[in-house]
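> Just to be clear, the model below is a prediction. Sequence and coordinates:
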Amino acid sequence: MRAYWYDNITGDQRLPHNSGRDINEEELKNLGVLYYRIPELAGVDALARERDYKNRDEITVSPAKMGDAYESKVRMFFHEHLHEDEEIRYIRDGKGYFDVRSKGDEWVRIQLEKDDLIILPAGIYHRFTTDEDNHIQAMRLFKEEPKWTPLNRSDDLDGNEYRKAYVAQYAN
Ligand code: KMT
Ligand code: NI
């Protein structure tokens, strides 16, 4: 895992976009984002049990797996959105970037690779992209079934109870 301020330069989302200014784990924690390195699946099972997760799936994002749908999927994941539930992403292979919004509404880019696990709190605005290698395999863990849906950023979401709870706890 490596985290840094996004450089905001227009162009390919799959490039590193590293401004050169790093962010540490403590700063991620202040945004409600938790990071763990977990080499064994048993460790993930324990964490999931502790935090009361009930569902999981595995996704491979690559042209080999997705064919013609790959490019549109990558664009879709990169739309800024939130979820009404905390979510875990556990990387099994390949690499990718999760971008999360800072308190000041800037992008923080988090590079994840195999054995990296991230917990995103409910209500945080974020987006995802593969990198130039165009391959990631990830386990996605969900607390509940009905809340998996991404809600794209909009002013309407300012009144969303999960967004409000996130802002109250982390973003003011
Ligand atoms: C998300 O919530 O944005 C995602 O799950 C992206 C795909 S996981 C590699
Ligand atoms: Ni998401």
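Noted; the coordinates are in hand. Ligands and ions are numbered 1, 2, ... in the order given.
> Partner strands of the longest strand anywhere in the chain, with direction?
Ranked by residue count under DSSP state E, the longest strand found in the chain is strand 87-101. Counting by DSSP bridges, the strands paired with strand 87-101 are strand 107-113 (antiparallel), strand 116-120 (antiparallel), strand 126-130 (antiparallel), strand 136-142 (antiparallel).
> Can you lay out these as JSON lines showing mean pLDDT?
Shown next, in JSON lines, are the strands paired with strand 87-101 (pLDDT from 0 to 100):
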{"stretch": "strand 107-113", "mean pLDDT": "98"}
{"stretch": "strand 116-120", "mean pLDDT": "98"}
{"stretch": "strand 126-130", "mean pLDDT": "98"}
{"stretch": "strand 136-142", "mean pLDDT": "96"}
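> Output those in JSON lines; the columns should cover mean neighbour count.
Backbone N, C-alpha and C define where each C-beta goes, glycine included. Shown next, in JSON lines, are the strands paired with strand 87-101 (neighbours: other Cβ atoms under 10 Å):
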{"stretch": "strand 107-113", "mean neighbour count": "20"}
{"stretch": "strand 116-120", "mean neighbour count": "21"}
{"stretch": "strand 126-130", "mean neighbour count": "22"}
{"stretch": "strand 136-142", "mean neighbour count": "20"}
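> Save the ones you listed as CSV, and put in distance to ligand 1 too.
Putting the strands paired with strand 87-101 into CSV (distance: least, Cβ to the nearest ligand atom, whole Å) gives the following:
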stretch, distance to ligand 1
strand 107-113, 9
strand 116-120, 7
strand 126-130, 4
strand 136-142, 4
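> Out of those, which gets nearest to R75?
Smallest distance to R75 across those (Cβ to Cβ): 9.0 Å, for strand 126-130.
> Put the alpha carbons of the closest one into PDB.
Output in PDB follows, covering the C-alpha atoms of strand 126-130 (Å, rounded to 0.1, in the frame of the first residue of the first chain):
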ATOM      1  CA  HIS A 126     -14.400   7.500  -3.700                       C
ATOM      2  CA  ARG A 127     -13.700   5.900  -7.000                       C
ATOM      3  CA  PHE A 128     -11.600   3.000  -8.300                       C
ATOM      4  CA  THR A 129      -9.300   2.300 -11.300                       C
ATOM      5  CA  THR A 130      -7.000  -0.300 -12.500                       C
END
